[in-house]
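Peer 1: Test case, fold it:
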Amino acid sequence: MASAAELETDARARPFWAALLVELRRAWWIYALVPVVLTALGAADWGVPTVEAFALNFCVTLCIGGSSQAVFLLAERRGFGLPLGLHYPLLVLAGVALGTELALASLRLFAGFDPAMVRRGLWVVGGIVAAVVAAISVTYDRLRERARAVELRAEQARRQALEAKLDALQSRMNPHFLFNSLNTVAALIEEDRDAAVLAVERLSELLRYTLERSGDTLVPLADELRCVREYLALEGARFGERLRVRVDIDEALARVTQVMIPPLIIQPLVENAVKHGVARSRAPVTVCVAVDAEGEGLRVAVSDDGPGAHAGPSAGTGTAQRTVSERLRLLYGEAARFEAGPLSEGGYRATLHLPRAPRREVAA
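Peer 2: Got it, this is the predicted structure:
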């Protein structure tokens, strides 16, 4: 079901006369009921039989009511910005004046009435019709504002829930990343203290990036790739020649500075490639990070040519991949995809298909 904001946007997109016809159709019951009431009460003494009086009252109601609705619609579209207390009386008077002149012209043209004879009756009918239209307009406006407030509160609640889910997923990944990095540093301390010191410095840079970006929904692609390079350099100090790194970036994307992606969305995939591709192989393994433009979006592929242990039942990659997939779903909906699996020639590849912008904003 469309929201109130979507319906209002759709109405504003229509041409003025089309929007007016929609408004008249919505108020059909007014134009059916008011002439009956006016005829029954004898609000205007037309000096004609009841059936003709009903037809005249219907004509007058349509002229004055339609003019009032047109004036209200025009004021809403133009955004006259009148104070609320002055808004409705002025619009009602303008609608009645315009509608009365239209009604006089119609009665003179089609019914042969003398304007001087029916002007008093017209103002009586016009006042009644205008009061009804104004009352309905005020009520509708207040109900619409109330619906907007309810919808805004619901949207805020949805955003807060979404942000909480993303924070939970992010906090689940940060300890895992820190644990693996500390293991790397611990292994270096016994082998090469100088390399261990450098690794601690790299780790501090990674932790600073994690802390600074933990509250962001999106970060520049360049920052995320810098984080990935720091992490691979950290692991390179541990694995030496066993870890080979290749980062391929589309030249067109390299020239764009405002390509944004979720923070720490690539690093877990690189971490899996190192853990399950490099650590389990005695031979050199190449970890490749490729970033390409894909239509209006982005494709990020992380692959390795290791033994393909990711696919094994004890690989343990499921948690990281599920977390990445869930983050993409929350941010982009169906506009993003995550694919992962072994390669036919050996190794493993995980691919992110991302749009250029998220489906909705999360950060306040």
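
Peer 1: rest of the way, CA atoms for contacts and neighbours
Peer 2: Fine.

Peer 1: Direction included, what does the lengthiest strand in the chain pair against?
Peer 2: For the chain, the longest strand by residue count, based on DSSP state E, is strand 285-294. Strand pairing for strand 285-294, using DSSP bridges, gives strand 243-249 (parallel), strand 297-304 (antiparallel).

Peer 1: List the buried residues for it?
Peer 2: The neighbour-count check on strand 285-294 (16 or more other Cα atoms under 10 Å) flags V285, T286, V287, C288, V289, A290, V291, D292, A293 as buried.

Peer 1: With mean pLDDT and mean neighbour count as extra columns, can I get the strands paired with strand 285-294 in CSV?
Peer 2: What follows is the strands paired with strand 285-294, written out as CSV (pLDDT from 0 to 100; neighbours: other Cα atoms under 10 Å):
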stretch, mean pLDDT, mean neighbour count
strand 243-249, 91, 15
strand 297-304, 92, 22
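
Peer 1: In TSV: these, plus distance to V185.
Peer 2: Converted to TSV, the strands paired with strand 285-294 look like this (distance: least, Cα to Cα, whole Å):
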stretch	distance to V185
strand 243-249	16
strand 297-304	23
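
Peer 1: Any idea which of those strands gets closest to E224?
Peer 2: For E224, the closest of those is strand 297-304, at 11.6 Å, according to Cα to Cα.

Peer 1: what about whichever helix or strand comes after that closest one, average pLDDT?
Peer 2: Sequence-wise, the next helix or strand downstream of strand 297-304 (DSSP states H and E) is helix 318-332. Computed over helix 318-332, the mean pLDDT rounds to 82.

Peer 1: Identify each buried residue in the helix or strand harbouring Y231, please.
Peer 2: In this structure, Y231 sits in helix 221-239 according to DSSP H and E. For helix 221-239, a neighbour-count test (16+ other Cα under 10 Å) marks 221-225, 227-239 as buried.

Peer 1: again with stretch 54-71
Peer 2: In terms of neighbour count (16+ other Cα under 10 Å), stretch 54-71 has its buried residues at 54, 56-71.

Peer 1: and L352, what does it touch?
Peer 2: For L352, the contact set (Cα atoms under 8 Å, 6 or more residues apart in numbering) comprises L298, R299, V300, A301, A336, R337, F338, E339.

Peer 1: CA atoms only for the helix or strand hosting it, dumped as PDB, please.
Peer 2: Using DSSP H and E, L352 sits within strand 348-355. Output of strand 348-355 as PDB, limited to C-alpha atoms (Å, rounded to 0.1, in the frame of the first residue of the first chain):
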ATOM      1  CA  TYR A 348      37.500 -19.700  -4.400                       C
ATOM      2  CA  ARG A 349      35.800 -16.400  -5.200                       C
ATOM      3  CA  ALA A 350      33.300 -14.200  -3.400                       C
ATOM      4  CA  THR A 351      31.600 -11.400  -5.400                       C
ATOM      5  CA  LEU A 352      29.600  -8.400  -4.300                       C
ATOM      6  CA  HIS A 353      27.200  -6.700  -6.700                       C
ATOM      7  CA  LEU A 354      26.400  -3.300  -5.400                       C
ATOM      8  CA  PRO A 355      24.300  -0.400  -6.600                       C
END
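
Peer 1: Neighbouring strands - and their directions - for that strand?
Peer 2: Strand 348-355 is paired, per DSSP bridges, with strand 297-304 (antiparallel), strand 337-342 (antiparallel).

Peer 1: Make CSV out of those strands and add distance to I261.
Peer 2: Supplementary listing: those in CSV, determined by distance: least, Cα to Cα, whole Å:
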stretch, distance to I261
strand 297-304, 9
strand 337-342, 13
